[in-house]
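J.: only geometry, no sequence info:
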Ligand code: MLC
Ligand code: AMP
């Protein structure tokens, strides 16, 4: 919880700018303490109770996260894009005992909260002054946050990080990317994943910098913010750079000049969460004069590998291990010793998560016998720089930076009355990195209409998981064991 404790060093500096106003570190800490007192009620320490919260990216989001930590509880940020069944899954799985929502999202949770008899607080309820009692002392080894991530199982798993994991994850980035209190970053990323939470928001707040929230990414509005001249640091997924480039391309020459000029004063621009295509890096270089710094991470480990801040940033490569993080490549349990030979990236270090929530078997499977975390990403070491080659599972798709499980989508598709069977794959795509597509087998006696199926899916899955294309076939490609051969399926599209 060092990020919260450090706030006292920067009391009068601006911590957050959201759509309403700016807030100092003092205001942030005061609000967080007030929330902690409300949550504690008569208790001395919430003892790692899970508190799930649904708010847009704002001052309230940060104050709630800090308030939960100050009260000794575990923060479970919910995704504002999720439909009710997906939110319910997280709330149930995390066994949340308290829910919090802002005004925009309160109605979405209220029926669920009543049904489950879980108290639901509205952010504004925390305004009332309460008697300030001492707050609990929180050991760094305690659980701090659960983020849900899709994997090779059909339902997302809760990744539990301790305070000590989070402290390390933030501090390693602060050092590697030379964060300074004069920095001002605009955060356009969702706040239920490490990229937005750790790399952007928490790193800024660690050093006394300003984090400006833009809750819904919009290329035009983001270019306007860049042109205002306050922001000097930016981090995003490759799809966002792709969309910024598309907007720049369709602007007038005069406007393009203004946009490019605005980027000249930036200190640093970073890309991650998915492979940065070299043409995007090169085009951004032309537009902005900046070579994007590409880095590699994962919900379970925060960031692990990064191109250097002040020496060569190599296109198509993710760089070198961050200080204090150990990396090795393994091929079928053999450690890869030779350059140019590929293997799975395995990670060890204080950044690595504690466990998958209530899933001891999945946790054990995720580690080797000698304690290295298996990422599932295949890489090679090329003259001192790691390069990602792919993933060991065809069932994991990365679209616009979101990790998506093909199995989860297939399971939901099979529940549709017109669908007998389904297989989902990711197709390489310049905008999204990978695009979700589905091959389905349909019943002859039930009418089938793609748009209707998409609307039906939107009630059950986050919008970014909805397949962009469907093809209808009589059978799926299968191997002799009856398993769908997804590599072959890809060629059908
Ligand atoms: C939106 N859409 C997507 C999508 N996002 N489709 C596929 N993949 C996505 N990621 C669809 C919508 O469903 C909609 O479809 C259409 O695109 C327009 O929606 P939108 O909401 O206007 O899109 P936009 O705001 O432009 O969103 C794009 C985006 C967003 C790139 C800003 O996807 C995003 O915020 N991605 C970041 C995810 C992230 O933070 N990942 C980090 C995970 S942590 P339709 O059909 O309705 O028009 C991690 C570790 C690490 O990976 O290393 O960092
Ligand atoms: P998530 O589980 O959402 O945290 O996503 C983590 C995954 O994103 C990693 O396992 C990688 O597959 C992918 N990823 C993150 N950064 C990069 C990168 N720079 N290049 C390629 N893949 C990346």
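T.: Perfect, I can see it now. Values in this document were obtained by computation on a predicted structure and should not be read as measured data. Numbering: from 1, shown residues only. Ligands and ions are numbered 1, 2, ... in the order given.
J.: give me the residue from the protein nearest ligand 1.
T.: Residue nearest to ligand 1 within the chain (Cβ to the nearest ligand atom): residue 400, separated by 2.3 Å. The C-beta positions use only the backbone N, C-alpha and C, and glycine is treated the same way.
J.: Just list the residues touching the residue nearest to that residue when sequence neighbours are not counted, thanks.
T.: The shortest distance from residue 400 to any non-neighbouring residue, by Cβ to Cβ, 6 or more residues apart in numbering, is to residue 239 (4.2 Å). For residue 239, the contacting residues are 274, 400-401, 431-433, by Cβ atoms under 8 Å, 6 or more residues apart in numbering.
J.: I'd like the distance between residue 239 and residue 434.
T.: Counting by Cβ to Cβ, to the nearest Å, the gap from residue 239 to residue 434 is 10 Å.
J.: How about the residues of this protein by ligand 2?
T.: Residues of the chain that fall close to ligand 2, judged by Cβ under 6 Å from any ligand atom: 149, 193, 272-275, 294, 296-299, 318, 375, 377, 388, 391, 398, 403.
J.: Name only those of these that count as buried.
T.: Neighbour-count burial (16 or more other Cβ atoms under 10 Å) is assigned, among the residues of the chain next to ligand 2, to 149, 193, 272-275, 294, 296-299, 318, 375, 377, 388, 391, 398, 403.
J.: Tell me which of the residues you listed fall in strands.
T.: 149, 294, 296-298, 375, 377, 388, 391, 398, 403 (DSSP state E).
J.: how about a markdown table for the residues you listed, with pLDDT added?
T.: Formatted as a markdown table, these follow (pLDDT from 0 to 100):
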| residue | pLDDT |
| --- | --- |
| 149 | 95 |
| 294 | 98 |
| 296 | 98 |
| 297 | 98 |
| 298 | 98 |
| 375 | 97 |
| 377 | 97 |
| 388 | 98 |
| 391 | 93 |
| 398 | 97 |
| 403 | 96 |
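J.: Show me what the host helix or strand of residue 4 is in contact with.
T.: Per DSSP states H and E, residue 4 falls inside helix 2-5. Helix 2-5 is contacted from outside by 29, 32, 66, 69-70, 163, 166-167, 170-171, 202, 205-206, using Cβ under 8 Å, 6+ apart.
J.: what pLDDT does the nearest residue to residue 105 once chain neighbours are set aside get?
T.: Leaving aside its sequence neighbours, residue 105 sits nearest to residue 54 (Cβ to Cβ, 6+ apart; 4.3 Å). Residue-level confidence at residue 54 comes out at 98, pLDDT.
J.: tell me the contacts of residue 54?
T.: 78, 80, 87, 99-102, 105, 108-109.
J.: okay, now the domains of this protein?
T.: Domain ranges of the chain: 2-138, 396-491, per automatic domain parsing.
J.: Any part of the first one near ligand 1?
T.: No - judged by Cβ under 6 Å from any ligand atom, domain 2-138 stays clear of ligand 1, getting no closer than 7.4 Å.
J.: Give me the distance between the two termini of that domain.
T.: For domain 2-138, the first-to-last residue distance is 10 Å (Cα to Cα, to the nearest Å).
J.: what's the spacing between that domain and its chain's center?
T.: Domain 2-138 sits 19 Å away from the centroid of its parent chain (Cα atoms, centre = their mean, to the nearest Å).
J.: same question, the last one
T.: Its chain's C-alpha centre lies 23 Å from the corresponding centre of domain 396-491 when counted by Cα atoms, centre = their mean.
J.: likewise stretch 202-222?
T.: Centre to centre, stretch against its chain (Cα atoms, centre = their mean), the figure for stretch 202-222 is 14 Å.
J.: Enumerate every residue touching the residue lying closest to residue 64 once chain neighbours are set aside.
T.: Leaving aside its sequence neighbours, residue 64 sits nearest to residue 53 (Cβ to Cβ, 6+ apart; 5.0 Å). Going by Cβ under 8 Å, 6+ apart, residue 53 touches 61, 64-65, 68, 75-78, 99-101.
J.: just residue 331 next, same as before
T.: 341-344.
J.: Cross the residues you listed against helices and list the overlap.
T.: Within those, no residue falls in helices by DSSP state H.
J.: Next, format these as a markdown table and append distance to residue 420.
T.: Shown next, in a markdown table, are the contacts of residue 331 (distance: Cβ to Cβ, whole Å):
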| residue | distance to residue 420 |
| --- | --- |
| 341 | 43 |
| 342 | 38 |
| 343 | 39 |
| 344 | 35 |
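J.: Show me the subset of those residues that also lies near ligand 1.
T.: Contacts with ligand 1 within the contacts of residue 331, counted by Cβ under 6 Å from any ligand atom: none were found.
J.: want to throw the residues you listed into JSON lines with neighbour count?
T.: JSON lines is the format used below for the contacts of residue 331 (neighbours: other Cβ atoms under 10 Å):
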{"residue": "341", "neighbour count": "12"}
{"residue": "342", "neighbour count": "15"}
{"residue": "343", "neighbour count": "20"}
{"residue": "344", "neighbour count": "21"}
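J.: Closest to ligand 2 out of these?
T.: Using Cβ to the nearest ligand atom, those come closest to ligand 2 at residue 344, 10.5 Å.
J.: which one is that closest one nearest to, not counting chain neighbours?
T.: Residue 344 sits nearest to residue 330 (Cβ to Cβ, 6+ apart), 5.1 Å away.
J.: what secondary structure does that neighbour sit in?
T.: Under DSSP: H, G, I helix; E, B strand; the rest coil, the three-state class of residue 330 is strand.
J.: I'd like to know how many residues surround it.
T.: Neighbourhood size, residue 330 [other Cβ atoms under 10 Å]: 15.
J.: ok, back up a step: so after the helix or strand harbouring the residue nearest to residue 64, what's the next helix or strand?
T.: For residue 53, the host element (DSSP H and E) is strand 50-54. As assigned by DSSP H and E, the chain's next helix or strand after strand 50-54 is helix 59-70.
J.: now that next one against strand 50-54, angle please.
T.: In terms of direction (axes from the mean of the first three to the mean of the last three Cα atoms, to 10 degrees), helix 59-70 departs from strand 50-54 by 180 degrees.
J.: mean confidence score for helix 59-70?
T.: Helix 59-70 comes out at a mean pLDDT of 98.
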